[in-house]
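J.: Here is the input, now give the coordinates:
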Amino acid sequence: MAKMFSEAEMMFCNSGTWTHPLDDIATVLKFLALDAEFPPEIAPAVSSTIDAAYVALRNMDAQSGQSADALRRGINAVRHILLVETGQSQADWDFLDAENKLNSAKRRICPNRWIFLEDIRSPFNIGSLFRTAESFGVEKILLSPLAADPLHQRAQRTAMGCIDIVPWERMSLESLGTLRQQTPVFALETGGVELQEFAFPTNGVMIVGSEELGVSPGALAVADASQGRASIPTYGAKGSLNVSSAFAIAMYAWSVQTRGMALDNVPAVREFCQIE
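T.: Numbering: from 1, shown residues only. Reported below is the predicted structural model:
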């Protein structure tokens with residue numbers, strides 16, 4: 001049943017309509033509604049989810065609009081309940097999203113705004129960093145020689161299509177040092193100027209370091225010789241954030257501070273950066 005729901009939901013993600021036989025889904029939901037063996041603590045949730053999904057299924061316009069969304073949400077909830085009930089862990093690829101194919105023509109970029117990912121080891125983090133970078137208009141991503149492969153299946157899954165439309169290339173630390181002579185470079189690292197006080201360049205390269213070791217001394221030297229270090233103030237006992245979360249916070253701060261500073265010959269970027 002969980003597999004059938006997964007296939008139906010994937011078809012919906014790809015086409016926007018319920019191309020999977022709706023009668024089959026209705027039959028399965030009827031059987032689930034009669035099942036009295038769900039644990040008492042989740043039985044009400046199962047019952048209400050099945051009812052909601054079945055009502056949406058019977059709706060005449062269940063192929064589109066709010067009814068289709070309600071049906072997907074109901075089926076998604078039932079699918080994950082079934083995974084738990086059958087002892088299956090919910091892996092990353094269990095989470096379906098319609099944004100698996102993106103149109104690069106719709107991208108609005110801030111030209112010469114690049115990211116250098118130094119020795120990021122986790123494919124999941126690589127994918128998440130690509131997704132955040134794409135959302136904030138990063139033009140290109142540079143990866144150190146030892147960073148995880150963006151073409152890894154797990155990176156691709158987390159990036160939700162962004163790896164296919166955000167240009168990227170490998171770059172050595174030496175080449176980054178040379179690049180620093182042409183464009184501002186700064187590092188996202190502890191011990192620097194807090195984000196709210198940091199003077200972000202309009203364009204340039206942000207260095208994001210390893211999950212375990214942070215930005216290397218060599219990369220920090222490149223940043224310190226240019227724009228320096230930007231830091232996120234934290235107040236918890238842990239004192240650090242996941243690299244993907246930290247990067248998202250820094251990209252937001254960079255975008256907010258530099259609104260209205262995009263190049264005049266890129267209208268789309270000017271629109272993206274202006275405050276209305």
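J.: drop to CA atoms for contacts and neighbour counts, all remaining ones
T.: Fine.
J.: Please enumerate the helices of the chain.
T.: Taking DSSP state H, the helices of the chain run over residues 2-15, 22-34, 43-58, 65-85, 123-135, 153-159, 173-179, 217-224, 243-257, 267-273.
J.: Residue 117 versus residue 155, what's the distance?
T.: 14 Å (Cα to Cα, to the nearest Å).
J.: partners of the strand ranked longest in the chain, with directions?
T.: Longest strand in the chain by number of residues, with DSSP state E as the criterion: strand 185-194. Here strand 185-194 is paired, per DSSP bridges, with strand 204-208 (parallel), strand 228-231 (parallel).
J.: Looking at the helices of the chain, which is nearest to residue 109?
T.: helix 267-273 (5.7 Å; Cα to Cα).
J.: That closest one - what's its average pLDDT?
T.: Mean per-residue pLDDT for helix 267-273: 37.
J.: By mean pLDDT, flag the weakest helix or strand of this structure.
T.: helix 267-273 (a mean of 37; mean pLDDT, DSSP states H and E).
J.: Mean neighbour count and distance to residue 46 added to the strands paired with strand 185-194, as a markdown table?
T.: Shown next, in a markdown table, are the strands paired with strand 185-194 (neighbours: other Cα atoms under 10 Å; distance: least, Cα to Cα, whole Å):
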| stretch | mean neighbour count | distance to residue 46 |
| --- | --- | --- |
| strand 204-208 | 25 | 43 |
| strand 228-231 | 22 | 45 |
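J.: Count the neighbours of residue 174 for me.
T.: 12 (other Cα atoms under 10 Å).
J.: Show residues contacting the longest strand of the chain.
T.: For strand 185-194, contacts defined as Cα atoms under 8 Å, 6 or more residues apart in numbering pick out 204-209, 214-215, 219-220, 222-224, 226-233, 247, 250.
J.: Just to check, residue 107 is in contact with residue 138?
T.: No - applying Cα atoms under 8 Å, one finds residue 107 not in contact with residue 138, separated by 9.7 Å.
J.: Mind checking which of the two has more residues around it?
T.: residue 138 (24 against 18).
J.: And that one, how close does it get to residue 181?
T.: Applying Cα to Cα to residue 138 and residue 181 gives a distance of 20 Å.
J.: hmm, back to that, which residues are in contact with each of residue 155 and residue 117?
T.: Counting by Cα under 8 Å, 6+ apart, nothing touches both residue 155 and residue 117.
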